[in-house]
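Peer 1: Give me a 3D structure for the following:
(chains A, B and C)
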Amino acid sequence: MPHHIDPLHPWNIPLTEAAALQQELAARLVFDRPVGPIRWVAGVDGSYRRFCPDMWVAVVVWDAMTGETVEQVALTGRVPFPYVPGFLSFREGPLVLQAFERLQHWPDAVLFDGQGIAHPRGLGLASHLGLWLDLPSVGVAKSRLCGEAVDPLDEPGAWSPLELSGRTVGAVLRTRTRCRPLYVSPGHRIDLAGALDLVQQCLRGYRLPEPTRLAHHAVSAARRAAARTG
DNA sequence: GCGACAG
DNA sequence: ATCTTGTCGC
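Peer 2: Next up, the predicted model:
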């Protein structure tokens, strides 16, 4: 576990400062292929409730070799930041990092619900948190934040480059026929080819990769259990 | 000014 | 993201 995680600072700051911080941090991103094999892949998901300043977060560590869940953590807490397009990491970051602090099994890589470098200032949720966690990370968003791309063919594995101001910042990936594609972009310590490989290795017949799907189920289950218990 | 806008 | 039942299609 990296020792430099501080969930309180510098997350709760004005948007102008947050934007400046994003630009600074983006310059520190690394896009090398991960050195070792990636076996344990973490998936992260969050859940909210209308008119409620709280959120639930779940992290699931999934074994790509066996297809089994290695560990899962779910917790709830107040979000310190409203949802503002382009600043999602400042909203979900603190709670997501708290969840990672509780993990007994450190993953080899992380799949986030959101963008990596396919972001106005090059630092989406996956890039920001990947940097903090010092882990290879990938942004797997269900919709577009920025950039342009042609619609990929309706065939699993088909993808088209996501371009932003002349740069390929990600890919629009069809993971399943007749399903809307996913927006995959490198977060940190991985390149686009590696990100696409990893996501596809985690697919098991559904639109979303398993770590993400399981995290979604875990957060829903945790929320329902809490509602029943009180 | 207008439209777009991860979760 | 969330509020929501049934329903159409593979």
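Peer 1: Enumerate the beta-bridge partners assigned to A:Gly46.
Peer 2: A:Val57 (DSSP bridges).
Peer 1: And it, what's its pLDDT?
Peer 2: A:Gly46 carries a pLDDT value of 97.
Peer 1: Ok, the one 5 residues further on next?
Peer 2: Per-residue confidence at A:Phe51 stands at 84 (pLDDT).
Peer 1: which ones are touching it?
Peer 2: By C-beta atoms under 8 Å, 6 or more residues apart in numbering, no residues touch A:Phe51. Every C-beta, even on glycine, is put in place using the N, C-alpha and C of the backbone.
Peer 1: any idea whether it is helix, strand or coil?
Peer 2: coil (DSSP: H, G, I helix; E, B strand; the rest coil).
Peer 1: measure it to A:Ala226 for me?
Peer 2: For A:Phe51, the distance to A:Ala226 (C-beta to C-beta, to the nearest Å) stands at 17 Å.
Peer 1: How about the contacts made by the residue in chain A positioned nearest to DNA strand C?
Peer 2: Closest to DNA strand C within chain A is A:Ser47: 3.5 Å, counting by C-beta to the nearest atom of the strand. The neighbourhood of A:Ser47, defined by C-beta under 8 Å, 6+ apart, consists of A:55-57, A:219-220, A:223.
Peer 1: Same check on A:Arg78?
Peer 2: Counting by C-beta under 8 Å, 6+ apart, A:Arg78 has contacts A:53-55.
Peer 1: DNA strand C contacts on chain A?
Peer 2: Taking C-beta under 7 Å from any atom of the strand as the contact definition, chain A meets DNA strand C at A:46-50, A:113, A:142, A:178.
Peer 1: re earlier: what subset of the contacts of A:Arg78 is buried?
Peer 2: A:Met55 (16 or more other C-beta atoms under 10 Å).
Peer 1: ok, and does stretch A:130-142 reach over to DNA strand B?
Peer 2: Yes. Residues of stretch A:130-142 contacting DNA strand B under C-beta under 7 Å from any atom of the strand: A:139, A:141-142.
Peer 1: I should have written stretch A:49-63 there, sorry.
Peer 2: No. Interface with DNA strand B: stretch A:49-63 contributes nothing (C-beta under 7 Å from any atom of the strand), its closest point being 9.0 Å away.
Peer 1: Show me which residues of that stretch are buried.
Peer 2: Buried residues in stretch A:49-63, counted by 16+ other C-beta under 10 Å: A:55-63.
Peer 1: Check stretch A:80-89 too.
Peer 2: Buried-residue list, stretch A:80-89, by 16+ other C-beta under 10 Å: A:80-81, A:86-89.
Peer 1: Specify which member of the residues you listed is nearest to A:Trp132.
Peer 2: Nearest to A:Trp132 among the buried residues of stretch A:80-89 is A:Ser89, at 9.1 Å by C-beta to C-beta.
Peer 1: name the element the closest one belongs to?
Peer 2: helix A:88-101 (DSSP states H and E).
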